[in-house]
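In: coords please:
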Amino acid sequence: MLAAVLNVFQFELRRSLTRPRLMLWLLLASFPALLIGLMLYGEELQNRDEFIVGVMYVLIPQLTCMLSLLLWMTPAIQSELEASAWPYLAVRPRGRRAMMIGKYFNAVLWTVVTIGVSLALAILVAQPIHLTKTYAVLFAV
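Out: Below you'll find the model as predicted:
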């Protein structure tokens, strides 16, 4: 079963490295940093660090995480439905589980990478007082 899951994961990882998906990934990863940069460009904020960290909490772990999972998981499932591979997978021993777990691991990997890059860009733009603490706490959320 583990070998089947790893095979599906490797296949999905190779298949997900296309130019349109990478462009969407780059847009999604840079969106919080762009929004925070625009907020900071406007005017001076009172309690700047608390406000910016709150905005990062809403944008990155909540919004970016969900959008990233939708970006990577939905096409993976849709491709199997369009190819009519579900009946074939249903009769194979452990076929459905291996397919779903492999696709899930691919989506989780891309989501973790997206969150890490998005947090790094947002923290570089915002420059809060505690850079590493802010990164560690928001990444752990």
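In: could you point out where this structure is predicted with low confidence?
Out: Applying pLDDT under 70 to the chain flags the ranges 45, 80-81, 83-91.
In: Report the separation between the most centrally placed residue in it and V125.
Out: When the chain is reduced to its mean C-alpha position, the closest residue under Cα atoms, centre = their mean turns out to be T111, at 2.3 Å. Going from T111 to V125 by Cβ to Cβ, to the nearest Å gives 21 Å. Any C-beta I mention is one placed from the backbone N, CA and C, and that applies to glycine too.
In: on that earlier part again, spatially nearest residue to the residue nearest to the centre of the chain (excluding sequence neighbours)?
Out: Using Cβ to Cβ, 6 or more residues apart in numbering and skipping the chain neighbours, the partner closest in space to T111 is S68 (4.3 Å).
In: that older thread, packing partners of whatever helix or strand the residue nearest to the centre of the chain lives in?
Out: For T111, the host element (DSSP states H and E) is helix 95-126. Contact here means 3 or more Cβ pairs under 8 Å, 6 or more residues apart in numbering; DSSP states H and E; on that basis helix 95-126 packs against helix 2-15, helix 19-42, helix 48-57, helix 65-82, helix 86-91, helix 131-140.
In: try it again with 7 Å
Out: helix 2-15, helix 19-42, helix 65-82, helix 86-91, helix 131-140 (3 or more Cβ pairs under 7 Å, 6 or more residues apart in numbering; DSSP states H and E).
In: Just put those in a markdown table and tack on distance to G102.
Out: Putting these into a markdown table (distance: least, Cβ to Cβ, whole Å) gives the following:
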| stretch | distance to G102 |
| --- | --- |
| helix 2-15 | 3 |
| helix 19-42 | 17 |
| helix 65-82 | 9 |
| helix 86-91 | 11 |
| helix 131-140 | 25 |
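In: so which of those helices gets nearest V53?
Out: helix 131-140 (5.9 Å; Cβ to Cβ).
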